[in-house]
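# Have a look at this prediction, sequence included:
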Amino acid sequence: MQTLTITRPDDWHIHLRSGAALQHTVKDAAKQFARAIVMPNLVPPVTNVEQADDYRNAIMRHTTESMDFEPLMTLYLTDNTSPEDIEAAVKSGFVKACKLYPAGATTNSDSGLTNIENAYPVFEKMAELGMPLLVHGEVTDADIDIFDREKVFIDTKLRPVVEKFTDLKLVLEHITTKDAVDFVNEQGPNVAATITAHHLLLNRNDMLVGGIRPHLYCLPILKRQEHQAALLVAATSGSPKFFLGTDSAPHAKSKKEAACGCAGVYTAYAAIELYAEAFEMMDKLDRLEGFASFHGPDFYGLPRNEQQITLVKDEWKVPKHLCLGNDKLVPFCADEMLQWKLKTD
Ligand SMILES: NC(=O)N[C@@H](CC(=O)O)C(=O)O
Ligand SMILES: [Zn+2]
Ligand SMILES: [Zn+2]
């Protein structure tokens, strides 16, 4: 049977949620990933070191020593975040990045920045101290089409930031367009991007043709096939600017299958397997380890993991439902066949 052994990967963008959900989300992440950048968009959001510490402890209560899992915490930037908050975050040692949500852009982003320039003093401190800025890159203007929101954000909001803060470490999260790939490639080594498995495997036809599939609705929304193709090329290029970030974002089944369903796709239960499918599609399985296990820690200035994981080419069927605390959740590719399976023994 075909196998693939790689250095244990990390997830540089995950939503673990809080409360009862942690029972499931932490286990799913930890079975493959050694570390994960944990997004701070809880209700209320994680905006200071004290809240990040509480959240970290809540996550750690769902780990065991044998899981060997380290959550890397983030702060949620608001209009009120100060340079002193950044100093405290760096000093904590466990806060590894700060997250910029434009207010209203995505799930639980209401407390995000109302104007990116409000955070310029904060960006200056982050650049000085080497704290990475993670960006949900979409504008929120009502007159901008949802499929154009990433490109318009890059052109109108992000370009001024990278021109002004030339040393700022910046990760454009969950990129979905060829425009984002080109932008990242044009910048110096301090600008990188994460790419999700679902944006590599799908385009908007998969979500909309033959019926609307609410479980494939996420933000930024799936784009045209030509954008998917550009993401596949970027992820499998071997460039250290692109690395794994699942954006695994669980929501209860009832919240997705609704008149106004929320955004987010749950992939953590089989994330590395899903990426393996995408890399195999490109005949680039040999590039998976760099993308999943090397480029992220190299960018963040953290050591690469020493353990390994093995994937086996062994078809299996994804369950129709998983649990999310006391709720039911429909995972990505529910009731479909996957080709790769993480070896657990
Ligand atoms: N990606 C999503 O569609 N949803 C994320 C938020 C985010 O990452 O934008 C979530 O928290 O549910
Ligand atoms: Zn986002
Ligand atoms: Zn996310």
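Received, thanks. Ligands and ions are numbered 1, 2, ... in the order given.
# Mind listing what's buried along stretch 240-256?
Within stretch 240-256, the residues scored as buried using 16 or more other CB atoms under 10 Å are 241-253, 255-256. Using the backbone N, CA and C atoms, a C-beta is placed for each residue, glycine as well.
# What residues does the stretch 101-250 of the chain have near ligand 2?
Counting by CB under 5 Å from the ion, the residues of the stretch 101-250 of the chain lying close to ligand 2 are 106, 136.
# go again using 8 Å as the cut-off
Taking CB under 8 Å from the ion as the contact definition, the stretch 101-250 of the chain meets ligand 2 at 101, 105-107, 109, 136, 138, 173-174, 219-220, 247.
# Now the buried members of the residues you listed.
Buried subset of these (neighbour count, 16+ other CB under 10 Å): 101, 105-107, 109, 136, 138, 173-174, 219-220, 247.
# Tell me where the stretch 51-200 of the chain has strands.
Applying DSSP state E, counting those that start in this stretch to the stretch 51-200 of the chain gives strands spanning 70-76, 95-100, 133-135, 170-172, 191-195.
# Same list, those, but as TSV with distance to Asp286, mean pLDDT and mean neighbour count please.
Formatted as TSV, those follow (distance: least, CB to CB, whole Å; pLDDT from 0 to 100; neighbours: other CB atoms under 10 Å):
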stretch	distance to Asp286	mean pLDDT	mean neighbour count
strand 70-76	27	98	23
strand 95-100	29	98	24
strand 133-135	28	99	25
strand 170-172	24	99	26
strand 191-195	17	99	26
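# could the ones you listed go into CSV alongside distance to Leu342?
Listed next are the strands of the stretch 51-200 of the chain as CSV, based on distance: least, CB to CB, whole Å:
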stretch, distance to Leu342
strand 70-76, 19
strand 95-100, 25
strand 133-135, 26
strand 170-172, 25
strand 191-195, 20
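# Just tell me which of these ends up closest to ligand 1.
Closest to ligand 1 of those, according to CB to the nearest ligand atom: strand 95-100, at 9.1 Å.
# what separates the closest one from the chain centre, distance-wise?
Centroid displacement of strand 95-100 relative to its chain, using CA atoms, centre = their mean, to the nearest Å, is 12 Å.
# can you check stretch 176-188 too?
Going by CA atoms, centre = their mean, where stretch 176-188 is centred and where its chain is centred differ by 17 Å.
# Same check on stretch 91-109?
On CA atoms, centre = their mean, the centre of stretch 91-109 falls 12 Å from that of its chain.
# quick one: is it near ligand 1?
Yes - counting by CB under 6 Å from any ligand atom, ligand 1 has neighbours in stretch 91-109: 106-107.
# how long is that stretch from one end to the other?
The straight-line separation of the ends of stretch 91-109 (CA to CA, to the nearest Å) is 26 Å.
# and stretch 170-190, which residues are buried?
Buried residues in stretch 170-190 (16+ other CB under 10 Å): 170-181, 183-184, 187, 190.
# Write out the residues of the stretch 51-200 of the chain neighbouring ligand 1.
Within reach of ligand 1 by CB under 6 Å from any ligand atom, the stretch 51-200 of the chain has these residues: 106-107, 136.
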